[in-house]
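**Student:** Need a 3D model of the following:
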Amino acid sequence: MEKLTLYLVDVKDKSLSELLPILDLSDEELRVVYKYKVDRARKEEAVSIYLKRKYIGEYSLNEYGKPISNKTHFNISHSNGIIGLAVSPNKEVGLDIEMVKKEKEGIASYVNSSEELKNIKDSLGFFKSWTSKESLLKCLGTGIKGNLKEVPAFPLNGKKTYAGVAYFAQSLVKGDIVISLTALGEDDFEIDLIDLYL
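**Tutor:** Numbering: from 1, shown residues only. Next up, the predicted model:
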């Protein structure tokens, strides 16, 4: 069984000024960070850049903006000060992380089919569905586009097919964060979860 590594960093309680000396970003990287207006987004981008530099090395962006590498497959996600980097040696991978909170009214029926809505009972269920869909689209490399009702959320853990292609998904909950990983192909994978502390 293939192993996917998931690095998680929680910087909710750290300021950008505390993080910058640790991250040792270049002037070019700092310019990218300071394009963001909100401190939380700056922190998440700074840590994202650091993780990609440390664990991926050189990478570029595909036509949809997905970061890609010639050496390995990876994907990154962040939500409310939690940043995750999923790395897979052999398969395309998509990662989505979301903090569970009250979803906007009507959003569940906007992004989920009537069949999927039967499986969504509360905010946790909605965010499991949402992250499952988004991680699949990030694995595909296109990001969110098109009719989200057509993107399968279920099963949250197991094989699913989208646009004639097989994927395998896993979902987990860590505190108030929902994490979904999707890998190309129908084979199960093991997640090696590594909490990093900065």
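**Student:** Grab the nearest non-local neighbour of residue 139.
**Tutor:** Nearest residue to residue 139, sequence neighbours excluded (C-beta to C-beta, 6 or more residues apart in numbering): residue 94, at 3.0 Å. Glycine gets a C-beta too; all of them are placed from N, C-alpha and C.
**Student:** again but with residue 165, I slipped
**Tutor:** Among residues not flanking residue 165 along the chain, residue 184 sits closest, at 7.3 Å (C-beta to C-beta, 6+ apart).
**Student:** Identify the bridge partners of that neighbour.
**Tutor:** Beta-bridge pairing for residue 184 (DSSP bridges): residue 167.
**Student:** can you pull the contacts of it?
**Tutor:** By C-beta atoms under 8 Å, 6 or more residues apart in numbering, the contact list for residue 184 reads 91, 92, 93, 139, 165, 166, 167.
**Student:** which of those residues are buried?
**Tutor:** 91, 92, 93, 139, 167 (16 or more other C-beta atoms under 10 Å).
**Student:** Surely the last one touches residue 181?
**Tutor:** No: proximity of residue 167 to residue 181 does not meet the contact threshold set by C-beta atoms under 8 Å, at 10.3 Å.
**Student:** Restricted to strands, list the contacts of residue 184.
**Tutor:** With strands taken from DSSP state E, the overlap with the contacts of residue 184 comprises 93, 165, 166, 167.
**Student:** so which of the residues you listed comes closest to residue 79?
**Tutor:** Proximity of the ones in strands among the contacts of residue 184 to residue 79 (C-beta to C-beta) peaks at residue 93, which lies at 17.5 Å.
**Student:** Show me which helix or strand of this protein is least confident by mean pLDDT.
**Tutor:** Lowest by mean pLDDT, DSSP states H and E among the helices and strands of the chain is helix 107-111, with a mean of 83.
**Student:** So what's the gap between whichever strand or helix holds residue 53 and the chain middle?
**Tutor:** Residue 53 is part of helix 39-55, with elements assigned from DSSP states H and E. How far helix 39-55 lies from its chain's middle: 13 Å, per C-alpha atoms, centre = their mean, to the nearest Å.
**Student:** ok, back up a step: local confidence estimate at the residue nearest to residue 165?
**Tutor:** Per-residue pLDDT puts residue 184 at 96.
**Student:** so what secondary structure elements neighbour the least confident helix or strand of the chain?
**Tutor:** helix 123-140 (3 or more C-beta pairs under 8 Å, 6 or more residues apart in numbering; DSSP states H and E).
**Student:** If you count neighbours, what's buried in the helix it packs on?
**Tutor:** Buried residues in helix 123-140 (16+ other C-beta under 10 Å): 125-140.
**Student:** Please apply the same query to stretch 63-75.
**Tutor:** Here stretch 63-75 shows 66, 72, 73, 74, 75 as buried, counting by 16+ other C-beta under 10 Å.
**Student:** No more questions from me, cheers.
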